[in-house]
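1. return a 3D structure for these sequence lines:
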Amino acid sequence: MKKFIRIFYSVIFFGACLLPFAAMPFAGEETSLENRELASFPSLTTEEGINTEFLSEAGAYFQDHFAFRSKLVTANALLRGKLLGVSAEDGVIQGTDGWLYYSDSLDDYQGKNLLSGRSLFNIAHSTAMVQADLEAQNIRFLFTVAANKNSLYGEHMPYYDSLVITEENNLARLEPLLEKEGVNYLDLKTVFQNQDEVLYHKRDSHWNNKGAALAADEILAALDQEHDPWAGEPYTVRTDFVGDLDAMLYPDAPTPEDEIYYDREHTYSYVEEVESNFDPKITTECPDGTGSLVMYRDSFGNALLPFIADAYANAYFLRGEPYNLYADLDTALADTVIIERAERFLPNVAANPPVMPAPVAELDMDAPGTDAAASIIGGADGPTSIFLAGKLGQTPPTAEQDTNTQDAVEPDTETSDIAAEPEENPGVTAAKTDEKLDVKAAVDSEENSDVTNSESAVEMDEKSDKGISEDGTNEIAAEPWGIYYQIQGCIDPQYVADDSRIYVRINNNLTYEAFPADLERDGNTCDTAFVMYLYIEELPFEENTAEVIVETDGDFETVYTGVLRGGMAAEDYFEGYD
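-> Residues are numbered from 1 along each chain as shown. Okay, here's the model as predicted:
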């Protein structure tokens, strides 16, 4: 009898283990309510041959697609949430009284892993540069930040995450810099703190419709944009809203919560078909509105969009970075630009300055020193890279010197400069310099603005312990395209203060100010980086002299001098570009 019982329980156990796998063909396709794509079924072969990662990829596929996955995930979350008061989803924090929070906001809440002072300057100064350019074109500008939910309503955070709380987070440290830079900034956090009611959802990471209406009224008032305020408008409350955090944590058993619906109807309409207000590009028109708008926003803009769209005759709402500013202005013929970013996404602002022509700068400087060092790493938005080849403090090499220096100079000589012409890329020079230098420009285009810097980054050789490239690389792409040259780089931190500005002078003539930025290289963040864009015609020669100049407290220092390959007309890149 005991043997029978053991066999019976063994069969039940293994049957339960095998059921999710055996039932996969009959259980239907699983859909994801998480902020990621589910794994796809792997192929046995790749372009290189046998797929050596097949088993691990198949395991990931099974983990995402086993039968009854959402029901089992929900059951696990309910057990852990109800019994233990903890979240079963890494991206969600289980709060008290039914509140949920995004885990991504925990560092801000506790004041951990904060941006450096230089990174905060990169955000503030880049935003000020955008504002100055727009105001020179008589275009109004506003920058605002949607506060994290736990920055406003942290009283429901779990006790173990409330042991370390600070007001010295990224946003609090950024705001004085925005004021110093003269940025037209709207402090929405204070606006919401001054309200007597909760205007964010309990089980979602965003504001509710009443909160969105409040934010819209404040934004439009800050821009002196004519509109009918929503404050005081009658509304109804319906318990039919399912929050994003709730759906992530309990995919098969979310708890609907209250949402506010105004009685007053919106008057805007979509120009093209739209799946949801989270679409990457949305164009609206409104017969009762005035003016035209380009608004860069994130998921907080989903609920915000209807209230903003009602105020403008034409509006263009975009997600994704970097912002292709001039192309979007041309598309919308805008007289106003708004940038809205969630507090937890501020690091992305430092890492993704917009795509726009670098402004010409007039510098009042004596002959700068040349004892500094820079390492300019390659741009990633364009598929083709063109190297700046040169030596710090040296006269830029001629084309003949550029291809023959390797044989002429001793390898251990302090001033060696080795450059080689890739066989398959005529007209493009890759430079191998000393440990201090690695400089490169890349071609970009308006069409490529939705591609992030990390997606097509050119691989470098070895890196120093500071994350700065020590050597150049011959690993370059082959086909130039677009209307811009993109030049980006990382300067040795010893030559850059928190508020230093960075310039690039071309052919000892025009000087351009570059956006200060954070660049990621092999998991390291370089916060002393810069990014700039030049029209193709601004590099008119095959060999153009380029100087990188750092300004700190009115003192100027040239940290790099080299040769920038150019002289390629737009028609050489593509045909039929209008």
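2. per-residue pLDDT, Phe541?
-> For Phe541, the model assigns a pLDDT of 82.
3. may I ask you to confirm that Ile339 belongs to a strand?
-> Yes. Assigned with DSSP: H, G, I helix; E, B strand; the rest coil, Ile339 falls within a strand.
4. is it true that it touches Leu134?
-> No. Contact status for Ile339 versus Leu134: not in contact, 10.6 Å apart, counting by CB atoms under 8 Å. No exception for glycine: its C-beta is placed from N, CA and C like everyone else's.
5. what sits in contact with each of the two?
-> Counting by CB atoms under 8 Å, 6 or more residues apart in numbering, the common neighbours of Ile339 and Leu134 are Phe141.
6. run through the protein and note the low-pLDDT ranges.
-> Within the chain, the stretches with pLDDT under 70 are 1-41, 47, 53-55, 57-89, 160-164, 365-482, 566-578.
7. can I see the domain layout of it?
-> Domains of the chain are assigned by automatic domain parsing as 101-351, 360-573.
8. wait, what's in contact with the residue nearest to Asp133 when sequence neighbours are not counted?
-> Leaving aside its chain neighbours, Asp133 sits nearest to Pro359 (6.1 Å; criterion: CB to CB, 6 or more residues apart in numbering). With contact taken as CB under 8 Å, 6+ apart, Pro359 is in contact with Met129, Ala132, Asp133, Tyr512, Glu513.
9. circling back to that earlier point, for Gly91, find the nearest of the domains of the chain.
-> domain 101-351 (5.2 Å; CB to CB).
10. between the two ends of that closest one, what distance do you get?
-> In domain 101-351, first residue to last residue: 25 Å (CA to CA, to the nearest Å).
11. swap in stretch 333-346?
-> Criterion CA to CA; first-to-last residue distance in stretch 333-346 is 28 Å.
12. and it, which residues are buried?
-> 334-346 (16 or more other CB atoms under 10 Å).
13. can you check stretch 113-128 too?
-> For stretch 113-128, the neighbour count (16+ other CB under 10 Å) marks 114-115, 118-128 as buried.
14. ok, residues contacting stretch 176-186?
-> 120-121, 123-125, 127-128, 131, 141-144, 175, 218-219, 222.
15. closest to Pro354 among these?
-> Closest to Pro354, out of all of those and judged by CB to CB, is Thr127, at 9.5 Å.
16. tell me which element Asp364 is part of?
-> Using DSSP states H and E, Asp364 sits in no helix or strand.
17. what is the neighbour count of it?
-> Asp364: 6 surrounding residues under other CB atoms under 10 Å.
18. same check, this time on Val360
-> Val360 has 11 neighbouring residues, counting by other CB under 10 Å.
19. who's in contact with it?
-> By CB under 8 Å, 6+ apart, the neighbours of Val360 are Leu510, Thr511, Tyr512.
20. and the last one, backbone torsions?
-> If I follow you right, that is Tyr512. Backbone torsions of Tyr512, given as degrees, to the nearest 10, read phi -120, psi 140.
21. how far away is the closest residue to it other than its chain neighbours from Leu115?
-> Excluding the flanking residues, the one nearest Tyr512 by CB to CB, 6+ apart is Ala358, at 3.8 Å. Here the criterion is CB to CB, to the nearest Å. By it, Ala358 lies 24 Å from Leu115.
22. picking that back up, buried only: go through the contacts of Val360 for me.
-> Counted by 16+ other CB under 10 Å, the contacts of Val360 give Thr511, Tyr512 as buried.
23. pretty sure Phe317 sits in a helix.
-> No. Counting by three-state DSSP, Phe317 is not found in a helix; it is strand.
24. Val559 against Thr552, yeah?
-> No. Shown here, Val559 and Thr552 do not form a contact pair, counting by CB under 8 Å, at 11.1 Å.
25. more neighbours, these two?
-> More crowded of Val559 and Thr552, by other CB under 10 Å: Val559, with 27 against 14.
26. doesn't the more buried one lie inside a strand?
-> Yes. Using three-state DSSP, the assignment for Val559 is a strand.
27. ok, it to Pro229 distance?
-> Val559 sits 51 Å away from Pro229, going by CB to CB.
28. cool, and Pro493?
-> Counting by CB to CB, the separation of Pro493 from Pro229 is 48 Å.
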